[in-house]
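Student: no letters, just coordinates:
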């Protein structure tokens, strides 16, 4: 059926190779170096970030719009998240959190634009942050980096994080398994939140896009079928509204991901305060 990729709401999430690379074997396991649409999207996002910050890092007497945007993004991480939550002792960790924020933000915004392309029937569309493997990698990398930092800074005393104070020895021991479970499910919730929000929004946009096309073609048949033009127009209006909502969600989810990472980091940096 012609135009099927535009109608299938899951087509935009299919991973496929666009360049066959060499395959190496490490410890008996194959490592495929091919370029997929997922890898290509991430490379494009990296190029966008490098070019943007290379242009905005130049010294100017009067900051241009690009520099003002870069400073605003940095202030979100510094003034809104790190300083209020962790304090000045959290400043050494701003580079990682800022990198995490900008990477997720750019990939999310690229995903919204590519989702619009999917609605328009373009076949080379892909949203990186709608893939659980990608969001899980970011979540696991962030979580365990913070976890190991806790042991580096505090040693075995960091295990006290799992033993609530003020409950007595027996109560603390009984609560420790619950605390550990709730602590180690954090990367799962981090990954699922970002993945679910990006996936769900793009699927809904694709569905409304299919309504626009199907009902519009039905209306062209004339007669009573021409009434289908009304829901077709309404579906198009929903796409416009959803696009605005998706842009807000793209920014918000990048902020929430880094905000939670900052909260987890605060437990390490300020460990012992209240324990």
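Tutor: Arrived safely, thanks for sending. If you're wondering where the values come from, they're calculated on a predicted model, not measured in any experiment.

Student: from here on, just use CA atoms for contacts and neighbour counts.
Tutor: Fine.

Student: by mean pLDDT, which helix or strand of the protein comes out lowest?
Tutor: helix 4-7 (a mean of 46; mean pLDDT, DSSP states H and E).

Student: quick one: the strands in the protein?
Tutor: 17-19, 23-26, 29-32, 35-36 (DSSP state E).

Student: ranking those by burial, who's on top?
Tutor: Among those, strand 35-36 has the highest mean neighbour count (mean count of other CA atoms under 10 Å), at a mean of 16.

Student: contacts for it, please.
Tutor: Identification of contacts with strand 35-36 by CA atoms under 8 Å, 6 or more residues apart in numbering yields 15-21.

Student: tell me where the stretch 101-250 of the chain has helices.
Tutor: For the stretch 101-250 of the chain, the helices defined by DSSP state H, counting those that start in this stretch occupy 132-154, 168-184, 186-219, 229-269.

Student: columns distance to residue 87 and mean pLDDT on top of the ones you listed, output as CSV?
Tutor: As requested, the helices of the stretch 101-250 of the chain are exported to CSV (distance: least, CA to CA, whole Å; pLDDT from 0 to 100):
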stretch, distance to residue 87, mean pLDDT
helix 132-154, 16, 91
helix 168-184, 22, 82
helix 186-219, 23, 85
helix 229-269, 9, 90
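
Student: looking at those helices, which is closest to residue 34?
Tutor: Of all these, helix 132-154 sits nearest to residue 34, with 16.8 Å by CA to CA.

Student: for the closest one, which outside residues touch it?
Tutor: 128-129, 157-158, 186-188, 190-192, 194-195, 261, 264-265, 268-269.

Student: try it again with 6 Å
Tutor: For helix 132-154, contacts defined as CA atoms under 6 Å, 6 or more residues apart in numbering pick out 129, 158, 187, 190-191, 195, 265, 268.

Student: which members of these are the farthest-apart pair?
Tutor: Across the contacts of helix 132-154, no pair lies farther apart than 129 and 158, at 32.2 Å, counting by CA to CA.

Student: higher neighbour count, these two?
Tutor: Between residue 129 and residue 158, residue 129 has the larger neighbour count (other CA atoms under 10 Å), namely 28 against 20.

Student: and the pLDDT at the more buried one?
Tutor: Residue 129 carries a pLDDT value of 88.

Student: residue contacts, it?
Tutor: Listed by CA under 6 Å, 6+ apart, the contact set of residue 129 reads 135, 195.

Student: buried stuff in stretch 77-92?
Tutor: 77-78, 81-83, 85-86, 90 (16 or more other CA atoms under 10 Å).

Student: what about the closest residue to residue 56 other than its chain neighbours, how many residues nearby?
Tutor: Excluding its sequence neighbours, the residue lying closest to residue 56 (CA to CA, 6 or more residues apart in numbering) is residue 67, at 4.8 Å. Using other CA under 10 Å, residue 67 has 19 neighbouring residues.

Student: residue 58 now?
Tutor: Here the count is done by other CA under 10 Å, and residue 58 has 9 residues near it.

Student: number the chain from 198, please
Tutor: Understood, numbering begins at 198; the last thing we discussed is residue 255.

Student: check it and give its pLDDT.
Tutor: Residue 255 carries a pLDDT score of 76 in this model.

Student: and what of the one 4 residues further on?
Tutor: At residue 259, the model reports a pLDDT of 72.

Student: so what does it look like in phi/psi?
Tutor: Note on residue 259: its backbone torsions stand at phi -110, psi 110 [degrees, to the nearest 10].

Student: for residue 405, give its distance to residue 397.
Tutor: Distance, residue 405 to residue 397, by CA to CA, to the nearest Å: 13 Å.

Student: quick one, which of those two is more surrounded?
Tutor: The residue with more neighbours, out of residue 405 and residue 397, is residue 405; 22 against 11, by other CA under 10 Å.

Student: gap between the more buried one and residue 227?
Tutor: When distance is defined by CA to CA, residue 405 is 40 Å away from residue 227.

Student: do the same with residue 444
Tutor: From residue 444 across to residue 227, the span is 38 Å (CA to CA).

Student: check residue 385 too.
Tutor: Look at residue 385 and residue 227: by CA to CA, they are 27 Å apart.
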